[in-house]
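Q: What follows is a protein structure lacking sequence information:
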């Protein structure tokens with residue numbers, strides 16, 4: 001049974017990729033708790049309950065973060081570095097969903113503690129399938145410690 005309270009934070013600056021990801025998640029009933037932010041600066045403010053998101057509680061963390069690497073203002077690598085270095089947030093699963101196949105990016109993400117690194121498929125059908133499987137895995141199969 002799908003958890004209606006399952007919260008996904010999507011951090012993606014490309015409108016086309018964001019729309020495709022959101023549509024894929026919703027098509028598979030995984031978009032009810034979805035929050036979409038367009039850059040790393042907004043992600044940091046959201047996760048750490050700062051700025052425009054000061055009313056949030058840090059403890060009300062997303063169940064999983066899907067994030068691109070190359071974004072304006074603050075990169076996905078910097079967001080990942082900050083998340084994984086803070087005791088309050090380092091347990092949040094982070095999946096890099098990016099176009100970058102660069103080995104240095106992959107190595108750095110894993111050295112910083114990313115949970116998965118996925119290269120965005122180019123074909124629409126493949127993209128939808130990957131997002132569906134990704135969402136189902138993190139919602140139904142993956143066992144995480146309680147918050």
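A: Arrived safely. Worth saying up front: this structure is predicted, and the values here are computed from it rather than measured. Numbering: from 1, shown residues only.

Q: List the residues that contact residue 11.
A: Contact analysis of residue 11 by C-beta atoms under 8 Å, 6 or more residues apart in numbering lists 36-40, 42-43, 65-68, 71, 76, 79. For every residue, glycine as well, the C-beta is placed using N, CA and C.

Q: At the geometric centre of the protein, which residue do we find?
A: Most central in the chain under C-alpha atoms, centre = their mean is residue 66, positioned 1.7 Å from the mean C-alpha point.

Q: want to throw the contacts of residue 11 into TSV with pLDDT, distance to residue 9 and secondary structure?
A: Shown next, in TSV, are the contacts of residue 11 (pLDDT from 0 to 100; distance: C-beta to C-beta, whole Å; DSSP: H, G, I helix; E, B strand; the rest coil):
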residue	pLDDT	distance to residue 9	secondary structure
36	96	8	strand
37	97	7	strand
38	95	12	coil
39	95	13	coil
40	95	12	helix
42	96	10	helix
43	97	7	helix
65	94	5	strand
66	93	7	strand
67	95	8	strand
68	94	12	coil
71	91	13	coil
76	95	12	helix
79	97	10	helix
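
Q: out of these, who's nearest residue 25?
A: Using C-beta to C-beta, residue 66 is the member of these that sits closest to residue 25, with 8.8 Å.

Q: Please tell me how far that closest one sits from residue 54.
A: From residue 66 across to residue 54, the span is 24 Å (C-beta to C-beta, to the nearest Å).

Q: Next one, pLDDT for residue 106 please.
A: We note a pLDDT of 95 for residue 106 in this prediction.

Q: oh sorry, the question was meant for residue 2
A: pLDDT, residue 2: 45.

Q: give me the number of residues near the closest residue to residue 55 other than its chain neighbours?
A: Distances taken as C-beta to C-beta, 6 or more residues apart in numbering place residue 49 nearest to residue 55, at 7.6 Å, with adjacent residues excluded. Residues lying near residue 49 (other C-beta atoms under 10 Å) number 16.

Q: same question, the one 5 residues further on
A: The local packing of residue 54 (other C-beta under 10 Å) involves 9 other residues.

Q: Any figure for the gap between it and residue 38?
A: Residue 54 is 19 Å from residue 38, by C-beta to C-beta.
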